[in-house]
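Q: A structural model of the following input is requested.
(2 chains)
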Amino acid sequence: MLTRRKELRRRGVGWPWAGQNRVSRIWTEGSSRSGAELLQHHCNSLPHLKQIHALLLRTHHHHLLPIFNCAIRVLFKSNPLSSLRLYLLMTRLSVSPDNFTYPFLLNCSSSPLSPLFVGQELHSRLCKSGFRHHLPVANALIHFYSKCASDADSIPLARLAYDEMPLKDVVSHNSLLGTHARLGQRMHDARALFSGLREKNVITWNAMLLGYANAGDLASAREAFDLMPERDAVSWTVMVVGYSKCGLVDAAKELFCRMPSQNMVCWSVMVNGYSQAGRPEESLALFREMESVGIVPDAASMVGVISAASQIGRPELANWIGDYVDRKGIERNERVLTTLVDMHAKCGNVEEAFSLFNEMPSRDTFAYTALIGGLASNGHGAKVLELFSRMREEGIEPDHVTFVGVLSACSHAGLVDEGLEFWESMIQDYGIEHGADHYACIIDMLGRVGRLEEAYEMVKKMPMGPHAGALGALLAACKTYGNVDIANNVASRLFELEPGNTGNFVLLSSIYASREQWEDAARVRKMMKERGPTKLPGSSWIENDMQRGHRSQKIDQTTYIL
DNA sequence: GTAGGGTTAG
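A: This next block holds a predicted model:
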C-alpha cells in the first residue's frame, strides 16, 4: 500500500506536506513571490531553509546566491563558524557574495570564535567587490572593528571605517559611539561626535549614557539622561546599573522607583546593591515589595536576598529563605547554593550548611570559603581545619578570603600554633600576600592568648599602615591582660584613625582604672569629652548594642512574614 | 541585512 506521501506524489500534488506548514503555505499562496524573496523574509530556521531549498530545486529556482545568503543568516544563530564555512564553500563554487551577504559575514567574523584575520580578509574582499559603500555593509564593518580589534585599536580602526564612508546614517553614528561606550574611553571625542550629529535616536543617547557610566562619570551620564528627549528600558537600566556599580545605591533606587516598569535585572541590581552596601534591611524590604506585587525573584536577585539574610544572622529568617527557594523552584545554581551555605553557617545552622555544601555538584574555592568563614564565625575551629584539608585533597586552591576564614577560626579557637603555621604557609606555599584583614586576625589571635609583645610587633610590621580593626583587637587584649604600655601606644594611633569612636577612649580609660591610675583615666575621659561634638552616633558599646536592638526591631516589622 | 543595556556568591 502506498504511504500518504507517495500517494500525494503520484497524484502530482508535488510537495507532499503542501499546506501543512508555514513555508509551503506561503509558497502556494503567493504565486508572484520570487524564491529570493521567500528565502529573505520567511526563512528563519534550519528546517525552513531545508524546505525552501527543496522547493526551489523542484521548481528550478535554484539560484545559489539567495540560498547561501539565507543559509548564512540562519546558521549564524546556531554557530557563526558554520556560516563562515559556508562562505568558503561559496568561494569554491565561484558564487560571489553581494551586499546582503557581507553584513552577515562581518557579523559572523565579529564573533569571539572567529579569528581576527577572517574579518580583515573580508574587508579586503569587499573593497574589491564594489559593495564597500553600501550602508549596511559599511556599518557592519565599523561594528566588526569595534568588536574585534584590541581595546587600544578598536576606536581608531572603527573611526577609520566610519570616516571613509561618503554617506552615513544613524546606524553608522551609533556603531562608532557604541565603541566608545563599551570601553568608556575617549568620551571627549564621543561627545564631540555626538554634538555634531543631526540625526539622533534613543540608541545614540543610550550610547552616551553607557559610555559615561563605564567611564565612572555618573554626573555626565545623569546630565544626558535628564536631557534626552525620550527614554526606553535600556536608558533606565544603564543608569540604575551604573549608579549601583559605583556604590551609589540611593541614587540607583531613586531612578529605580521612577522607572515606568521595572525589569528583573534592575530588581536584582537593587537587591544586591543594598546587600553589598551592608544595608540588608533595605535589601529585604525590596524583596518584600517584589513579593507583594507578585514578582518571584530570579536566581540573581535571590543571591542578594540570601546574602542580606546572612548579614542579619537570624536563624528563623535563614530557614524561611531556604524554604522559599525550594517552594518557588528558584534555580539552585552554584552561586545560589554558595550563598545559602554562607547564610546558614553565619546564622548558626551548621548542619544545614554542611548538607547543602555536600549536595553541591562540585565545590569550588567560593563554596569552601563560604563554609569555612561561616564555621569560623561560630567558633568551630577544628571543623575549619578539617575542611581546609579536605579542600586541599580535592585540589581546590584557597585564596586570600579563605585564609581570612582560616586565621579567624584559629584565633577564635585559640589554635595559635596552627594559626602561625597558616600565616607562614599562605605566603610560602600559596603566594598569597598578607592583607590588612589577615593582620587583624593574627594580631587578634596573639592578643587573645596574651602574646601582646608579638602582637604589637605585628602591628608595627603592617605594610599597609595602621588598621583600626587590628589596633582595636590589640587594645581589647591590653585590657584583658592589663598592659598599659602597649595600650598607650596603640590607643594614640587608634585615636588618630578613629577620632570619633569614643569606645576606644572608654577602653583606654578603663585600662588605667584597672591599674588604679586614676589621673590618667580622668585625663582620657576629659579628652573624650573635649572631642565630644565630633563623636559619631552609636560609638559606645552600649549604644551600639541598643542600635543593633533597634535595627532588629525594624527588621521584625518589615519582614514579619519571614 | 547594519547600531544599544544587564544583574548574582565566599
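Q: just the CA trace of stretch A:382-398, in CSV.
A: Output of stretch A:382-398 as CSV, limited to C-alpha atoms (Å, rounded to 0.1, in the frame of the first residue of the first chain):
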residue,chain,number,x,y,z
ALA,A,382,38.6,22.1,64.5
LYS,A,383,36.0,21.7,61.7
VAL,A,384,37.5,24.5,59.8
LEU,A,385,40.9,22.8,59.8
GLU,A,386,39.3,19.5,58.7
LEU,A,387,37.5,21.3,55.9
PHE,A,388,40.7,23.0,54.8
SER,A,389,42.4,19.6,54.5
ARG,A,390,39.5,18.3,52.5
MET,A,391,39.7,21.3,50.2
ARG,A,392,43.4,20.6,49.5
GLU,A,393,42.7,16.9,49.0
GLU,A,394,40.1,17.8,46.4
GLY,A,395,42.7,20.1,44.7
ILE,A,396,40.8,23.3,45.3
GLU,A,397,43.1,26.3,45.8
PRO,A,398,42.5,28.6,48.7
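Q: and A:Asp151, how many neighbours?
A: With neighbours defined by other Cβ atoms under 10 Å, the count for A:Asp151 comes to 10. In this view, the C-beta of every residue, glycine as well, is placed from N, C-alpha and C.
Q: hmm, it is touching A:Arg182, no?
A: No. Applying Cβ atoms under 8 Å as the test, A:Asp151 and A:Arg182 come out as separate, 9.1 Å apart.
Q: DNA strand B contacts on the stretch 201-350 of chain A?
A: A:201-204, A:206-207, A:210, A:232-235, A:237-238, A:241, A:263-265, A:268-269, A:272, A:276, A:298-301, A:303-304, A:307, A:310, A:333-336, A:338-339, A:342 (Cβ under 7 Å from any atom of the strand).
Q: give me the buried subset of the residues you listed.
A: Buried by 16 or more other Cβ atoms under 10 Å: A:203-204, A:206-207, A:210, A:234-235, A:237-238, A:241, A:268-269, A:272, A:276, A:299-301, A:303-304, A:307, A:310, A:335-336, A:338-339, A:342, out of these.
Q: state the helix or strand in which A:Asp98 lies.
A: Per DSSP states H and E, A:Asp98 falls between elements, in no helix or strand.
Q: isn't it right up against A:Phe131?
A: Yes. A:Asp98 is within contact range of A:Phe131, at 6.9 Å (criterion: Cβ under 8 Å).
Q: look at these two and report which has more neighbours.
A: Just comparing A:Asp98 and A:Phe131: by other Cβ under 10 Å the higher neighbour count belongs to A:Phe131, 20 against 16.
Q: surely that one meets A:Val137?
A: Yes. Counting by Cβ under 8 Å, A:Phe131 touches A:Val137, with 5.0 Å between them.
Q: give me the common contacts of those two.
A: A:99, A:102 (Cβ atoms under 8 Å, 6 or more residues apart in numbering).
Q: close to DNA strand B: what parts of the stretch 1-150 of chain A are there?
A: For the stretch 1-150 of chain A, the contact set with DNA strand B under Cβ under 7 Å from any atom of the strand comprises A:73, A:98-100, A:102-104, A:107, A:134-137, A:139-140, A:143.
Q: show me which pair in the residues you listed is furthest apart.
A: For those, the farthest-apart pair by Cβ to Cβ is A:Asp98 and A:His143; their separation is 18.7 Å.
Q: quick one, domains of chain A?
A: A:1-96, A:262-361 (automatic domain parsing).
Q: can I get those domains in JSON lines with mean pLDDT?
A: Output for these, formatted as JSON lines (pLDDT from 0 to 100):
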{"stretch": "domain A:1-96", "mean pLDDT": "67"}
{"stretch": "domain A:262-361", "mean pLDDT": "96"}
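Q: sort out for me which of the residues of the stretch 1-150 of chain A next to DNA strand B are in helices.
A: Mapping those onto helices (DSSP state H) picks out A:73, A:102-104, A:107, A:135-137, A:139-140, A:143.
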